[in-house]
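Peer 1: dropping a prediction and its sequence here:
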Amino acid sequence: MLFFARWKVWTILAICLAGVVLSVPNVLPRPAWWPYAMNLGLDLRGGSYLLLEVDMPAVVRERIVTIQDQVRTRMRAANIQITGISGRDSSVVFQVRDPGLLQDAVKNLREIVTLVGSGALGAGTPDLDIQSTPDGTVTITLTEVALRDKATQAVQQSIEIVRRRIDETGVNEPQIARQGANRILVQLPGVDDPDRIKKLLGTTARMTFRLLDANVDPNSGQRPPPGVEILKAENERRADGLPTAYAVRQRVEVEGSNLVKASAGTNPQTGEWIVNFEFDSLGARRFADVTRQNVGRPFAIVLDDKVISAPVIREPITGGRGQISGRFTARDAQDLAVLLRAGALPAPLTIVEERTVGPDLGADAIRAGIASILVGMVLVFIFIVWSYGLFGVFACIGLIANLFLTVACLSLLQATLTLPGMAGLLLTLGLSVDANILINERIREETKLGKTPFAAMEAGFSRAFSTIVDSNLTTLIKMMLLFAFGSGPVRGFAVTITLGIITSMFTATVLVRLMMVTWLRARKRDALPV
């Protein structure tokens, strides 16, 4: 273990030099083309903390509306007349006019039942429970398993869409995770405009393209006929200052989910900001059919039950491309394009908790963390040099190299450093010094037995190596469990400790050994300074 070939020496030195080179850009200004650096977390850099809640009643309501549409469609196709269809909580209730056709109606409706759930308890469970009474009343109820399944899907889909929306804004290293049954935790380090983020996340962004009903006066104050609803304009007002109202058909001609591209731009003729969009093949075909069949009629573009614009179809639009204009500012157009690219949320999100960490508080945390690391290093250095003399100095150099290498690995991973991560760096020093203490104690024991310096050093490293591996292996297993079952800062702490342990194995058993062997061969001492 005491022989180092020349290539090994240069490799060890190159690794240490690379650690320094990769670590330094984290504390000094670095060029824009240099990608390897740690990102600071919310508690160190400042930013926004948001706890969002998925509106589960809205998810259930949407499912109930879908079931009602399926009931109408199937009963109409089966020529079964029904009346009084309505949604109640998680159920749909209606009356079959001819009780003699009740069994046919129930049999027909069983085709809309699907199996949901996974696992031993929920596998193969129907999502709907259909009950009927002799007087022709049919009740369709969402099962408990179906409700849980819808909740899980809604949260997972919301997390993905929230992540896409935030990524579009350019926020570095956002932390997005599920919390509880229907909540989403969002941490955004370095965000200087939290209001814009809240607006982006609080918008459902369900865009639809619908026809207007010219036979209904939206300003009459009367209840619109079935299939028509009165919607307000987003950025358009009447002479009296109230939002312009439109009578919009509830039938969706084209869904916003068929959009594949959306980008902000300006109209070359008027100079106003617009949003250019493009449909997929299905949406383009449907859009072309609708515009071909309704030339000369107004076509409303609706976003979250608000009319953005209602242009008149001048000619068929067959290319699958179009533009949305609505008196946008540059920021409005860019945000709308972001929302359309990211997709619509399955349900509205409500901000139930909000915190903002100022950059000054983050800077204070960084100074306190660096101070704790430096104080910890100084105390460790004093102890180990006082205990082991020159070999303690070698151990201190190894600890410094270990710190550089750990930071270098975090930089290569472009990891996010948080306060728990800085605590992990400090704890790594303690774990690293254990290996040096074991080695020096073994060498001291071998020296007391009368062995020569080279023999004592050889035996010390050999006997201590297995103990070091065993102790570090148990710690690595614990960190793997923390990473697997933890989230956010806990996982960052586990990553920091894991990298620190791996690099300490190199610095304690390789780098320090190289320094000891080099010193011993140069000095040719008869006794070791331990």
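Peer 2: Cool, got the structure.

Peer 1: show me how far stretch 499-506 is from its chain's centre.
Peer 2: Relative to its chain's centre, stretch 499-506 lies at 29 Å (CA atoms, centre = their mean, to the nearest Å).

Peer 1: what residues does that stretch touch?
Peer 2: Among residues not part of stretch 499-506, those counted as contacts by CB atoms under 8 Å, 6 or more residues apart in numbering are 15, 402, 405-406, 409-410, 424-425, 427-428, 431-432, 435, 468-469, 472, 475-476, 479. Every residue, glycine included, has its C-beta placed from N, CA and C.

Peer 1: filter those to the buried ones?
Peer 2: The neighbour-count test (16 or more other CB atoms under 10 Å) applied to the contacts of stretch 499-506 identifies 15, 402, 405-406, 409-410, 424-425, 427-428, 431-432, 435, 468, 472, 475, 479 as buried.

Peer 1: could you look up the SS state of the residue lying closest to V252 once chain neighbours are set aside?
Peer 2: Across the structure, with CB to CB, 6 or more residues apart in numbering as the measure, the residue nearest V252 apart from its sequence neighbours is T208 (4.6 Å). Recorded secondary structure, T208: strand (DSSP: H, G, I helix; E, B strand; the rest coil).

Peer 1: was I right about T208 contacting G256?
Peer 2: Yes - with contact taken as CB atoms under 8 Å, T208 and G256 are classed as touching, separated by 6.1 Å.

Peer 1: would you mark the buried spots in the lowest-mean-pLDDT helix or strand in the chain?
Peer 2: Sorting the helices and strands of the chain by mean pLDDT, DSSP states H and E puts helix 42-45 at the bottom, at a mean of 74. Judged by neighbour count (16+ other CB under 10 Å), helix 42-45 contains these buried residues: L42, D43, L44, R45.

Peer 1: just the residues you listed now: which is nearest P348?
Peer 2: L42 (24.8 Å; CB to CB).

Peer 1: roughly how far does that closest one sit from I159?
Peer 2: Here the distance between L42 and I159 works out to 18 Å (CB to CB, to the nearest Å).

Peer 1: which ones among the buried ones among the contacts of stretch 499-506 map onto helices?
Peer 2: Taking DSSP state H, the ones among the buried ones among the contacts of stretch 499-506 that sit in helices are 15, 402, 405-406, 409-410, 424-425, 427-428, 431-432, 435, 468, 472, 475, 479.

Peer 1: related to what we said a few turns ago, need the buried residues of helix 42-45 in CSV with distance to V106, can you?
Peer 2: Listed next are the buried residues of helix 42-45 as CSV, based on distance: CB to CB, whole Å:
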residue, distance to V106
L42, 54
D43, 58
L44, 61
R45, 60
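
Peer 1: other SSEs contacting the host helix or strand of I308?
Peer 2: For I308, the host element (DSSP states H and E) is strand 306-309. The elements that strand 306-309 packs onto, with contact taken as 3 or more CB pairs under 8 Å, 6 or more residues apart in numbering; DSSP states H and E, are strand 228-237, strand 243-249, strand 299-303, strand 321-328.

Peer 1: okay, buried residues for that strand please.
Peer 2: V307, I308, S309.

Peer 1: pretty sure the first one sits against N235.
Peer 2: No - the pair V307 and N235 fails to qualify as a contact (CB under 8 Å) at a distance of 9.5 Å.

Peer 1: and I370, which of the three is it?
Peer 2: Three-state assignment for I370 (three-state DSSP): helix.

Peer 1: what's the answer for P225, then?
Peer 2: In terms of secondary structure, P225 is coil; the call rests on three-state DSSP.

Peer 1: so it sits against R249, correct?
Peer 2: No - the pair formed by P225 and R249 falls short of the contact definition of CB under 8 Å, at 10.2 Å.

Peer 1: neighbour count: these two, which is higher?
Peer 2: R249 (16 against 10; other CB atoms under 10 Å).

Peer 1: in which helix or strand does A333 reside?
Peer 2: A333 is part of helix 330-342 when elements are defined by DSSP H and E.

Peer 1: quick check, central residue of the chain?
Peer 2: Central residue of the chain (CA atoms, centre = their mean): I176, 3.5 Å from the mean position.

Peer 1: checking my notes, that one in a strand, right?
Peer 2: Yes - the assignment for I176 is a strand, going by three-state DSSP.

Peer 1: if I look at it, how far off is I351?
Peer 2: Here the criterion is CB to CB. By it, I176 lies 14 Å from I351.

Peer 1: swap in M457?
Peer 2: Shown here: M457 relative to I351, a distance of 62 Å by CB to CB.

Peer 1: G492 now?
Peer 2: Counting by CB to CB, the separation of G492 from I351 is 25 Å.

Peer 1: likewise for A395?
Peer 2: Taken as CB to CB, the spacing of A395 relative to I351 amounts to 51 Å.

Peer 1: which of those two has more residues huddled nearby?
Peer 2: Shown here are A395 and I351; by other CB under 10 Å, A395 has more neighbours (27 against 13).

Peer 1: who touches the residue nearest to that one when sequence neighbours are not counted in this structure?
Peer 2: With sequence-adjacent residues excluded and distances taken as CB to CB, 6+ apart, A395 is closest to N436, at 3.8 Å. Neighbouring residues of N436 by CB under 8 Å, 6+ apart: I384, Y388, G392, A395, G398, L399, A508, V512.
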